[in-house]
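Visitor: generate coordinates for the sequence data below:
(4 chains)
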There are 2 protein chains.
Amino acid sequence: MMKVSTKTEYGLRCLLLLAKQEVGHEALSITQIAARERLPKQYVQQILMRLRRAGLVKSIRGTQGGFSLAKPAAEISIGAILRDLEGIPFQHTCDNFNKKNNCGHLSDCSIRPVWQMISQRLWDALDQIYLHHLIDDEATVGRTLAVEL
Amino acid sequence: MMKVSTKTEYGLRCLLLLAKQEVGHEALSITQIAARERLPKQYVQQILMRLRRAGLVKSIRGTQGGFSLAKPAAEISIGAILRDLEGIPFQHTCDNFNKKNNCGHLSDCSIRPVWQMISQRLWDALDQIYLHHLIDDEATVGRTLAVEL
DNA sequence: CGTATTGTTGACTAAAATAGTCATCTATGG
DNA sequence: CCATAGATGACTATTTTAGTCAACAATACG
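Guide: Numbering: from 1, shown residues only, chains lettered A, B, ... in the order given. A predicted model of the protein is given here:
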């Protein structure tokens, strides 16, 4: 449970790299991004495609093409990124068990509120952190998040 | 990410069943527990063994044997249960990437505080919910958790 | 024009984690 | 002593994750 996949970790790192690019700078190519973050190029490609469909990055084709953020870093929340790359957690727990017909607590399950509660708390927090909060050194970001939330 | 495994879901349900047993009642056998919760018997066994080693339930062997809570339901936190059945989330994210040597942000990673923050929030919440909070109908438990946290 | 460069698509494979089973053993009450 | 129930460890099947491959499409530049 609650293990972050490489897809999310890599995706977040790529987005952060793009966020650190100066405004007006050319887009970064997949090759550049993968090299700078030391990640498998084709996997990065897959992830960026996904982020593009989610409207988080935009791309330009052809020579001199590449990727850049679709919106200012101050408008891209970590919650939005995680919702795209990880999907919604806890949400499906009861549904899955229902489908398999192996839950005897369909109508009244006192465990369900636990998942709902922690899910809500988690997203409340993640939706308040934006990419631009992370454009700083680790210690500073740590302090920012502690204050922010 | 953050998908609850059947191990956790089942384990929690078994514990809740045991918590609902009247004090002084005999222990419930694996067969009884599995039947009541409509779960695979041998899987339930595996889970209960794990919970026993973690000191959350105790067992009696032989005829008339079975399982019961090792402590009062008011002293068993959901956090403790999840730590046993799911392990600690987020914790290993960076470690894993370090081992594979594919993270270029070992010494200074501004993403790390995000995982640390949500991990802490999650456990803070889970450690405040106890098994006895869940011995009620869904609506009531929902209200209890909203007040409690 | 045409070709090198870069993104786009969808299917594919390998490895790891999850979900669950099996066989064999030990203890206890009747 | 035997039926009942827990104890142990290895095993298998399924699903998810992680990552690759091949063929295509657009664009800049000479």
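
Visitor: for stretch A:36-44, buried residues please.
Guide: A:37, A:39, A:44 (16 or more other C-beta atoms under 10 Å in any protein chain shown). Placement of C-beta: from N, CA and C, glycine included.

Visitor: which SSE is immediately downstream of the helix or strand of chain A with the lowest mean pLDDT?
Guide: Least confident element among the helices and strands of chain A, by mean pLDDT, DSSP states H and E: helix A:93-99 (a mean of 57). Downstream of helix A:93-99, the next assigned helix or strand under DSSP states H and E is helix A:112-126.

Visitor: any part of the helix or strand following that following helix near chain B?
Guide: As assigned by DSSP H and E, the chain's next helix or strand after helix A:112-126 is helix A:138-148. Yes: judged by C-beta under 8 Å from any C-beta of the partner chain, helix A:138-148 comes into contact with chain B through A:138, A:140-142, A:145-146.

Visitor: can you count the residues close to A:Glu9?
Guide: 21 (other C-beta atoms under 10 Å in any protein chain shown).

Visitor: how much space is there between it and B:Asp136?
Guide: Shown here: A:Glu9 relative to B:Asp136, a distance of 39 Å by C-beta to C-beta, to the nearest Å.

Visitor: the closest residue to A:Trp123 other than its chain neighbours: which element?
Guide: Nearest-residue entry for A:Trp123: A:Gly79, 5.7 Å, with adjacent residues in sequence omitted and distances by C-beta to C-beta, 6 or more residues apart in numbering or on different chains. Assigned by DSSP H and E, A:Gly79 falls within helix A:78-86.

Visitor: tell me what that helix is packed against?
Guide: helix A:6-20, helix A:41-53, helix A:112-126 (3 or more C-beta pairs under 8 Å, 6 or more residues apart in numbering or on different chains; DSSP states H and E).

Visitor: now do the buried residues in the first one.
Guide: Using 16+ other C-beta under 10 Å as the burial criterion, the residues of helix A:6-20 that qualify are A:6-16, A:18-19.

Visitor: now do the last one
Guide: Judged by neighbour count using 16+ other C-beta under 10 Å, the buried positions of helix A:112-126 are A:112-119, A:121-123, A:125-126.

Visitor: need the residues you listed in TSV (columns: pLDDT).
Guide: Below are the buried residues of helix A:112-126 laid out as TSV (pLDDT from 0 to 100):
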residue	pLDDT
A:Arg112	92
A:Pro113	93
A:Val114	94
A:Trp115	92
A:Gln116	91
A:Met117	92
A:Ile118	91
A:Ser119	90
A:Arg121	91
A:Leu122	92
A:Trp123	93
A:Ala125	94
A:Leu126	95
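
Visitor: which of those residues lies closest to B:Leu48?
Guide: Set against B:Leu48, the nearest of the buried residues of helix A:112-126 by C-beta to C-beta is A:Val114 (20.2 Å).
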